[in-house]
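# please find the sequence and the predicted model below.
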Amino acid sequence: MSHASPTSILLNIGHAMDHWILVVFAYSWGVIAGIWGVEWTKLTPFNYGALFMFGAGSIVSGRLGDHWGRWIMMVIFFAGMGVSSLVIALCTNKWQIGAALTLMGAFASIYHPVGIPMLVQGAKNPGLTIGINGLAGNMGIAVAAITTGFLVKAIGWRAAFVVPGLFAIACGVVFALVAPKETAPPSKRAPKQALTTRGTVARLLAVMTLAAISAGFVFNLTTNGNAQLLQERFRGIVEDPATLGTMLAKPPSAVEAFTS
């Protein structure tokens, strides 16, 4: 699959959408807490369900992708991320938003074990393909910071979920129309000859698992705390969400220069 094909482009957009919608709450919970009249520290635990499902749900999502097919799972991903984001925008208390965020995390868990294998399947340059895909995911975080700040300031916190939600649904419709359907799910295809020993696979799996756990821990720790960090260190300077979101979207070195 060429990295410039419509399917590849949509899969890369999906990676960006995955990380975009996943961090909107982390960039807006200070505003939501103020509107609902609660301390933001009492609101943050209601995001734990989304983070748990984003990680643990990958096992189930990958399994379903093998048995149901990756095409249908990606359609479910786009539709689920969009609908759950719209549901979050309708929430009126912390228990509702906690449940809606957990649902969103379950749909978000689909992308990595399903979208990436679908992307690299048959790729002539898998390294370049994965590199572009990784860039798309990181750009999703930057887009989330900027759009969330400006939407919260201009319209309200609900718009920060509605806009990416509608965009995800639109991408799902386009994906269903242009992406070729599979002739059979991966579990029913003829197995290819193994090129590595069982021990090599086990060591590779262990390294990948440790790398994924450490990277995910650092990512969630920094992403969910940097908005409050900047608010504390720049109190009186970045009071509006748009400015805060712009700063969070900049390279880490630019922010560290101010906070050090």
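Yep, it's here.

# report the buried residues of stretch 65-84.
65-66, 68-84 (16 or more other CB atoms under 10 Å). In short, each C-beta sits where N, CA and C put it, glycine included.

# could you report the separation of residue 21 from residue 174?
Counting by CB to CB, to the nearest Å, the gap from residue 21 to residue 174 is 17 Å.

# neighbour count for the two, which is higher?
residue 21 (26 against 14; other CB atoms under 10 Å).

# what strand or helix carries the more buried one?
Under the criterion DSSP states H and E, the helix or strand holding residue 21 is helix 6-36.

# which is the next helix or strand following that helix?
helix 40-43.

# need the contact partners of that following helix.
The contact list for helix 40-43 (CB atoms under 8 Å, 6 or more residues apart in numbering) reads 29, 30, 32, 33, 34, 36, 94, 228.

# ok now it, how far from the chain's centre?
The chain centre lies 22 Å from the centre of helix 40-43; the measure is CA atoms, centre = their mean, to the nearest Å.

# just stretch 157-169 next, same as before
Centroid separation for stretch 157-169 versus its chain: 14 Å, with CA atoms, centre = their mean.

# now do the contacts for residue 187.
With the criterion set at CB under 8 Å, 6+ apart, residue 187 makes contact with 66, 67.

# where does the stretch 101-250 of the chain have low pLDDT?
Within the stretch 101-250 of the chain, the ranges that satisfy pLDDT under 70 run 190-250.

# could you rerun that using 80?
For the stretch 101-250 of the chain, residues meeting the criterion pLDDT under 80 lie at 122-123, 183, 187-250.

# for it, which segments are assigned as helices?
Here the stretch 101-250 of the chain has its helices, by DSSP state H, counting those that start in this stretch, at 116-120, 126-154, 159-178, 198-223, 226-233, 241-249.

# for residue 79, give its distance to residue 38.
31 Å.

# could you do residue 61 as well?
From residue 61 to residue 38 the distance is 32 Å (CB to CB).

# when the two are compared, which one has more neighbours?
Shown here are residue 61 and residue 38; by other CB under 10 Å, residue 61 has more neighbours (25 against 14).

# which helix or which strand is home to that one?
Assigned by DSSP H and E, residue 61 falls in helix 48-68.

# give me the mean pLDDT for that helix.
Mean pLDDT, computed over helix 48-68, is 91.

# for it, which helices and strands make contact with it?
Judged by 3 or more CB pairs under 8 Å, 6 or more residues apart in numbering; DSSP states H and E, helix 48-68 is in contact with helix 6-36, helix 70-89, helix 94-108.

# out of those helices, which gets nearest to residue 117?
helix 70-89 (6.7 Å; CB to CB).

# so residue 112 is in contact with residue 58, correct?
Yes - counting by CB atoms under 8 Å, residue 112 touches residue 58, with 6.0 Å between them.

# check contacts around the closest residue to residue 162 other than its chain neighbours.
In space, and not counting its chain neighbours, residue 162 is closest to residue 89: 5.0 Å by CB to CB, 6 or more residues apart in numbering. Counting by CB under 8 Å, 6+ apart, residue 89 touches 158, 159, 161, 162, 165.

# since we're on the third one, how many residues are nearby?
Looking back up the chat, that one is residue 161. Look at residue 161: counted by other CB under 10 Å, it has 26 neighbours.

# against residue 25, how distant is residue 121?
From residue 121 to residue 25 the distance is 32 Å (CB to CB).

# between the two, which one's more packed in?
In terms of neighbours (other CB under 10 Å), residue 25 is the more surrounded of residue 121 and residue 25; the figures are 26 against 13.

# which residues touch that one?
32, 47, 50, 88, 97, 101 are the contacts of residue 25 under CB under 8 Å, 6+ apart.

# most surrounded residue in these?
residue 50 (29 neighbours).
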